[in-house]
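# the following comprises the amino acid sequence and a computationally predicted model.
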Amino acid sequence: MQLSPEHLTRLDRDGFLILPSVFSETEISTIKNRLPALLQDSSEANIIEKESGQVRTAMGLHIRDEIFAKLVRHPRLVQPARQIRPEPLYIQQVKVNIKAAFSGEVWQWHYDFATHHSDDGVPQPLALNLHIFLDDVTPFNGPLYFIPGSHKYGTHRAFHDTQTTSYPLWVVDQDVVRDLVSRAEKVNPGRGIVPAIGPKGSMLIFHDTLVHGSPNNMSPWDRSIFSLILNPISNALTREDRPDYKHHRELSDIIEVEDNCLE
């Protein structure tokens, strides 16, 4: 699977790209059928919501399940990543972020590189986040919010928030968000903040310095999203303070599997 010149232009301009219905309903069912058992086990890689007791994010899935071991090497994920970053890439992080109906909690405004750099010593913001929507993502069930073009301004002031949720995160403060939204509004009025929405099976790619967050899920619909982060081996972590499931240590170039691996 190759991105078109128009796709690459949009990704460069906005910092994110949504590709509807890249994976079939059958493939999504195959992936989702693996989740109940993974969410119910006692792995420390399952992060629990602060209030509800539901799983917030399930990490390290490719070393816990054979379907996810195939999925992280799927050509529909790997080929676009290589097109954007044409050098050897390693699997930095694998997870499913879950917002259960009525109880899914907030992800604060942040950009991923703040955590990758501060906690893992990643030198440059070159990692790519590749998402697959495992449910229909609507404006109502806790979609990601992006500030278009915010990746163009480099890094921003960030602080380590260990209180708001059960997942420690390097977040940006309100003044930074306000300024970036204002800049985005000047470029494209009415699009200072954009929700990343689409049907299940859609794919989302975004850059490491794109500022984003997501609200609570107050709807009666679950929202789960698979996330694969690939990073150039030349840009690998230099610290190993966090556990392997949060930033993997295996620095070999990712090897693709067959496109029909989920059938």
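It's in.
# longest helix anywhere in the protein?
For the chain, the helix with the greatest residue count under DSSP state H is helix 174-187.
# buried residues, that one. List them.
For helix 174-187, the neighbour count (16 or more other C-beta atoms under 10 Å) marks Val176, Val177, Leu180, Val181, Arg183, Ala184 as buried. (Glycine included, C-beta is placed from N, CA and C.)
# right, and the helix or strand after that helix?
Moving toward the C-terminus from helix 174-187, the next helix or strand (DSSP states H and E) is strand 194-196.
# please name every helix or strand in contact with the very next helix or strand once past that next one.
Next in sequence after strand 194-196, counting helices and strands by DSSP H and E, comes strand 203-207. Judged by 3 or more C-beta pairs under 8 Å, 6 or more residues apart in numbering; DSSP states H and E, strand 203-207 is in contact with strand 16-19, helix 75-84, strand 128-133.
# pick the most buried one from the ones you listed.
Among the helices and strands packed on strand 203-207, strand 128-133 has the highest mean neighbour count (mean count of other C-beta atoms under 10 Å), at a mean of 23.
# list the contacts of the following helix or strand past that one.
Where DSSP H and E defines the elements, the next helix or strand beyond strand 128-133 is strand 144-146. Contacting residues not belonging to strand 144-146 are listed as 14-16, 107, 193-196, 204, 206, 210-215, 225 [C-beta atoms under 8 Å, 6 or more residues apart in numbering].
# the helices and strands packed on strand 203-207: which one's closest to His151?
strand 16-19 (8.4 Å; C-beta to C-beta).
# can you tell me the SS state at Ile225?
Three-state call for Ile225 (DSSP: H, G, I helix; E, B strand; the rest coil): strand.
# what residues are bridge-paired with it?
Ile225 forms beta bridges with Asn97, Phe133, as assigned by DSSP bridges.
# relative to Val176, how far out is it?
Using C-beta to C-beta, to the nearest Å, we find Ile225 at a distance of 24 Å from Val176.
# before we move on, what about Gly201?
33 Å.
# how close does Val187 get to Arg13?
The spacing between Val187 and Arg13, counted by C-beta to C-beta, is 9 Å.
# please enumerate residues in contact with the lowest-mean-pLDDT helix or strand in the chain?
When each helix and strand of the chain is scored by mean pLDDT, DSSP states H and E, strand 159-161 comes last, with a mean of 89. Strand 159-161 has contacts (C-beta under 8 Å, 6+ apart) with Gln108, Ser118, Pro168, Leu169, Trp170, Val171, Asp173.
# and the next element down the chain from that strand?
Where DSSP H and E defines the elements, the next helix or strand beyond strand 159-161 is strand 169-171.
# rewinding a little: so for the longest helix of the chain, what's the average pLDDT?
Taken as a whole, helix 174-187 has a mean pLDDT of 96.
# now do stretch 25-33
The pLDDT scores in stretch 25-33 average 97.
# could you list the buried residues of it?
The neighbour-count check on stretch 25-33 (16+ other C-beta under 10 Å) flags Glu27, Ile28, Thr30, Ile31, Lys32 as buried.
# for stretch 89-103, same thing?
Buried residues in stretch 89-103 (16+ other C-beta under 10 Å): 89-100, 103.
# quick check, nearest of the residues you listed to Arg239?
Among the buried residues of stretch 89-103, Gln92 lies closest to Arg239 (C-beta to C-beta), at 13.2 Å.
# give me the phi and psi for that closest one.
Reported as degrees, to the nearest 10, the phi and psi values for Gln92 are phi -90, psi -40.
# Leu19 and His131, how far apart?
Distance from Leu19 to His131, counting by C-beta to C-beta: 10 Å.
# what residues are shared contacts of those two?
Met203, Leu204, Ile205.
# highest neighbour count among the residues you listed?
For the shared contacts of Leu19 and His131, the largest number of neighbours (other C-beta atoms under 10 Å) sits with Leu204, at 23 neighbours.
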